[in-house]
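# I would like the atomic coordinates for the input below:
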Amino acid sequence: MIDPAKVQTRNADGITAPLRHATFRRIWLASLLSNLGILIQGVGAAWAMTQMTSSADKVALVQTALLLPVMLISIPAGAIADMYDRRIVALAALGISFAGATALKVVAWLGLVTPNLLLVLCFVVGGGMALMGPSWQSSVGEQVQSEAQLPAAIALNGISYNIARSVGPAIGGMVVASAGAVVAFALNSLLYLPLMAALFLWQRISAPSRLPREGLNRAMVSGVRYIKNSPSIKIVLARTLVTGVVGGAITALMPLAARDLLHGDAQTYGIMLGAFGLGAVISALNISEVRKRMSGEAAIRACALSMGAAIAAVALSRELVLTAAALVLAGAVWMMAWAVFNIGVQLSAPRWVAGRSLAAYQAASSGGIAVGSGGWGYLTDAAGVEAALLVSAALMLASPLIGLWLPMPRVIARGEEAKLLADPEVRLDLTGRSGPLVVEIEYRVAQENARAFHGVMQDVQLSRQRNGAYGWSIARDIANPELWTERYHCPTWLDYLRWRNRSTQSERELERRAIRFHIGSSPVRVRRMLERPFGSVRWKDDTPDHTTETLPEIPSGKGRTRLAASANEVNPCAERHRKAASGSQ
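Down below sits the predicted model:
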């Protein structure tokens, strides 16, 4: 007899489960067409460059021009995605790419395209896609409305791109061979429209924040600070960068491999890209099974070794069938590696900083491929296509050694948002810009637990700092060794209010672990102080203070938590201590 619970779980975890959501399905189908157009344009641009110049570095720079904007504007793009309506941001970004693609079509039709102009317009198209990326990817969870289906939705987006890759380049090659690059550019312009329409029709519901929006500069700093203090995300980004730099040779040099190693034409190049895309589709369909059977580190190592072997086969092969078979393998492991990296970042970042974390991932991946592509182009000019691909294969085979120092973190699920905390009691007139705010927390810890407590506080430090605190320190009283004082700063009162409610449930639990070390009948003592530099205090009693700002209350029943029960700043065992002191326990 079939267990209904197992069936329900299997349906929820299946690769097609996100397609049951109408919004995701509509956007996914439209993105399939958009990806098809982008790849057709990519074939046209790369082949047009081979016709205008014989320089290998110019050909490789086509991919650099499309991907370099991701590295350059990813951080502001991620901040914008977290600050504004992600649907509107994605529509504006698509408009930029559409304008660049249309301009490329017009100059090609007029016969005015040059190598440098082609690179500039490819850069504009890439800039629009770079701005769109964080908004689109960080909104996937909203489209499926289920954390359990997020990995499948991420894999489906990869399938969308790679289905397009499996047929788009072949179509692009045929279009370029029969009608020229200008028709390929025109098709790309038209295929942007369905995705723009799908995003326009999406009725996204976004709850307004109780606090004012961060400024762009402050939001960028917040994103960088979060990533800097998140070891798991930093490891994923480092491995992503290495994979992009080393493995990017296969996509950057594929037009030259088609021309110089296989002595083919645009259609040959299209077939090669199609084989690569076919492998990626096969891989994406099995991503859930691979994640169940292998850890992140094991999957990345297997992908790197397989990728190295496939690149070496492409370098040594002179037969289209053998090259295509190697590219199917390369496409499969290439897609698998990026899916593992992407899922690792998305499930490591809370919602408030998801766009900025994904932007950093895109900067590492696309930036690595873009920079690597330029380098592989120069190496090809000096040593030839075969030698460049063999060097790439050797480095890819050696890349798993990085895992000895930077093993992939074990990520299970995204940090769930915790309940909102009530604002602390304030008797001093404050504005949102009042600050800096200094917080001191006193713990009493048994001396035999000092080392364990200090170890937990190092993790607490990272939690405080990535959510917005700075100047963190922990000190021990030399006259009373049981007394420990934690101290940190927030730039302004408004920043402190944001900081209080950015913690995830796992971070709140980490703080409770630290508080459990506290002994005695009194709860952990918290002081919040406003630093007052010279000149900030009124000189006379009748001098008015700055105008105060009243922030909306956290509604009762909407996650409001009494300060006395705050996991951030009080002792959850305080009641037990009080009972023990009174002799009731």
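# could you pull out the strands for the stretch 351-500 of the chain?
Using DSSP state E, counting those that start in this stretch, the strands of the stretch 351-500 of the chain run over 437-444, 470-476, 483-490.
# The shortest one packs against which elements?
The criterion is 3 or more CB pairs under 8 Å, 6 or more residues apart in numbering; DSSP states H and E, and the helices and strands that strand 470-476 contacts are helix 450-466, strand 483-490. C-beta coordinates here come from the backbone N, C-alpha and C atoms, glycine included.
# And the closest residue to Ile402 other than its chain neighbours, what's its pLDDT?
Distances taken as CB to CB, 6 or more residues apart in numbering place Val242 nearest to Ile402, at 6.1 Å, with adjacent residues excluded. In this prediction, Val242 carries a pLDDT score of 92.
# likewise Gln149?
You'll see Gln149 listed with a pLDDT of 77.
# most packed of the helices and strands packed on strand 470-476?
strand 483-490 (a mean of 19; mean count of other CB atoms under 10 Å).
# Between strand 470-476 and that strand, find me the angle.
Going by axes from the mean of the first three to the mean of the last three CA atoms, to 10 degrees, strand 483-490 is angled at 170 degrees with respect to strand 470-476.
# List the buried residues of stretch 281-291.
For stretch 281-291, burial by neighbour count (16 or more other CB atoms under 10 Å) applies to 281-285, 287-288, 290-291.
# brain fart, stretch 47-57
Neighbour-count burial for stretch 47-57 flags 47-50, 56-57 (criterion: 16+ other CB under 10 Å).
# now the residue nearest to Ile402: how far from Arg427?
54 Å (CB to CB, to the nearest Å).
# quick one: contacts for Met307?
Shown in contact with Met307 (CB atoms under 8 Å, 6 or more residues apart in numbering): 247, 250, 330, 333-334, 337, 396.
# a markdown table for these, including neighbour count, pLDDT and distance to Glu531?
Below are those laid out as a markdown table (neighbours: other CB atoms under 10 Å; pLDDT from 0 to 100; distance: CB to CB, whole Å):
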| residue | neighbour count | pLDDT | distance to Glu531 |
| --- | --- | --- | --- |
| Gly247 | 29 | 91 | 50 |
| Ile250 | 26 | 89 | 55 |
| Ala330 | 28 | 93 | 57 |
| Val333 | 25 | 92 | 54 |
| Trp334 | 25 | 90 | 52 |
| Ala337 | 24 | 90 | 48 |
| Met396 | 27 | 95 | 52 |
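# quick one: which of these sit in strands?
Assignment to strands by DSSP state E places none of the contacts of Met307 there.
# What confidence value was assigned to Ala475?
Note on Ala475: pLDDT of 96.
# for the buried residues of stretch 47-57, which one is nearest Ile478?
Among these, Asp57 lies closest to Ile478 (CB to CB), at 63.5 Å.
# Please name every helix or strand in contact with the host helix or strand of that closest one.
Here Asp57 sits within helix 56-83, counting by DSSP states H and E. Helices and strands touching helix 56-83, by 3+ CB pairs under 8 Å, 6+ apart, are helix 22-52, helix 86-109, helix 115-138, helix 216-228, helix 249-252, helix 254-256, helix 354-383.
# Can you tell me which of those is most buried?
Mean neighbour count, computed with mean count of other CB under 10 Å, is highest for helix 249-252 among the helices and strands packed on helix 56-83, reaching a mean of 27.
# Save the helices and strands packed on strand 470-476 as JSON lines, and put in distance to Tyr192 and mean pLDDT too.
Shown next, in JSON lines, are these (distance: least, CB to CB, whole Å; pLDDT from 0 to 100):
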{"stretch": "helix 450-466", "distance to Tyr192": "37", "mean pLDDT": "94"}
{"stretch": "strand 483-490", "distance to Tyr192": "43", "mean pLDDT": "96"}
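# Which one of those lies nearest to Ala360?
helix 450-466 (12.8 Å).
# Could you export the helices and strands packed on strand 470-476 as JSON lines, including distance to Asn188?
Formatted as JSON lines, the helices and strands packed on strand 470-476 follow (distance: least, CB to CB, whole Å):
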{"stretch": "helix 450-466", "distance to Asn188": "40"}
{"stretch": "strand 483-490", "distance to Asn188": "47"}
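# Quick one, which of these gets closest to Phe185.
Closest approach to Phe185 among the helices and strands packed on strand 470-476 (CB to CB): helix 450-466, 43.6 Å.
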